[in-house]
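[1] here is a sequence together with a model predicted from it:
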Amino acid sequence: GVWSPISCTLIHAEREAVLVDTPITIDQTEELIEWIEKRIPGKRLTKIYITHGHGDHWFGIPLLVRRFPGVQTIATAGTIEHMKGQISTTVFRDFWTAHFPGGQIPEQTEMATPLGPSNEFYMEGHVFKAVEVGQSDTHDTTILWIPNIKLAVCGDVVYGDVHQMLAECTTRELRAAWIASIGKIEALKPELVVAGHKQPHELDGTFHLQNSRSYIETFQELIDAGAKDAEELSREMVKKFPTRFNMAALNSGCFAAFSASGSAQ
């Protein structure tokens with residue numbers, strides 16, 4: 001099957017480094033480990049921060065913990081509760097292993113440690129702030145904000161040229177809440193924005209904020225204009241966003257929008 005490309009962000013100073021999010025599979029995570037070792041020789045990976053609970057952003061943790069002894073995995077309390085649900089027998093077996101069969105996903109032996117009440121941590125004196133924005137393509141989402149370099153690592157609040165997964169935003173209110181989350185990032189006035197899903201050739205930048213907002217607004221506008229079913233909504237979205245990747249993500253959102261009552265809100 002097809003999965004949207006995931007971004008993992010490495011932030012490093014003179015001696016230490018922080019990784020934001022991990023890949024899903026064993027092969028992807030081993031490739032990431034090799035890249036980290038080449039990118040920061042002589043430096044120590046001290047923390048892995050997880051932006052939200054979807055398993056495609058943290059299932060690689062066990063391999064990273066094994067390769068980098070002493071690394072601490074951290075997340076907000078809301079993210080951790082979501083993570084626990086992702087490895088429940090039903091979700092892990094019926095969704096994740098169904099999409100990634102044959103032992104592609106590492107055995108899940110690790111869980112993140114909750115951040116303290118401040119939602120802050122430090123690397124060599126630099127403050128890292130977990131900002132709980134709420135709704136994105138899922139609930140209890142955060143971004144990681146590094147104020148001294150004005151960097152926002154946005155997880156699934158912000159997408160690049162990839163179809164946004166609206167399957168968990170089945171109502172007008174939830175889609176509006178995602179747009180509001182983008183506004184919370186803009187209020188920080190970042191100078192660099194990293195999208196959680198993007199195509200490999202894409203640059204990082206603040207333009208992803210408006211692009212992500214426009215995608216959700218267009219989805220809602222097409223519903224309001226009278227899209228009669230999921231198929232029509234999907235076709236019209238492709239006309240508006242012809243270069244975006246992963247039709248499966250688009251279609252899941254379109255069908256979810258119509259599934260509850262047969263008509264979308």
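    Received the coordinates, thanks.

[2] max-length helix in this structure?
    Identified as the longest helix of the chain according to DSSP state H is helix 207-224.

[3] so after that one, what's the next helix or strand?
    Scanning forward in sequence from helix 207-224 by DSSP states H and E, the next helix or strand is helix 230-240.

[4] which residues of the stretch 1-150 of the chain fall in helices?
    For the stretch 1-150 of the chain, the helices defined by DSSP state H, counting those that start in this stretch occupy 26-39, 61-67, 77-86, 89-91, 97-99.

[5] any idea which of the ones you listed has the lowest pLDDT on average?
    Among these, helix 89-91 carries the lowest mean pLDDT, at a mean of 90.

[6] direction included, what does whichever strand or helix holds residue 193 pair up with?
    In this structure, residue 193 is located in strand 192-194 according to DSSP H and E. Here strand 192-194 is paired, per DSSP bridges, with strand 151-153 (parallel).

[7] centre of the chain to the strand it pairs with, how far?
    Distance, stretch centre to chain centre, for strand 151-153: 13 Å (Cα atoms, centre = their mean, to the nearest Å).

[8] residues in contact with it: which ones?
    By Cβ atoms under 8 Å, 6 or more residues apart in numbering, the surrounding residues in contact with strand 151-153 are 9, 11, 20-21, 51, 143-146, 185, 188, 190-194. No exception for glycine: its C-beta is placed from N, CA and C like everyone else's.

[9] now, which of the residues you listed sits nearest residue 156?
    Each of the contacts of strand 151-153 was checked against residue 156 using Cβ to Cβ; the closest is residue 51, at 7.1 Å.

[10] need the contact partners of the helix or strand of the chain with the lowest mean pLDDT.
    For the chain, using mean pLDDT, DSSP states H and E, the weakest element among its helices and strands is helix 89-91, scoring a mean of 90. Residues outside helix 89-91 that contact it (Cβ under 8 Å, 6+ apart): residue 85.
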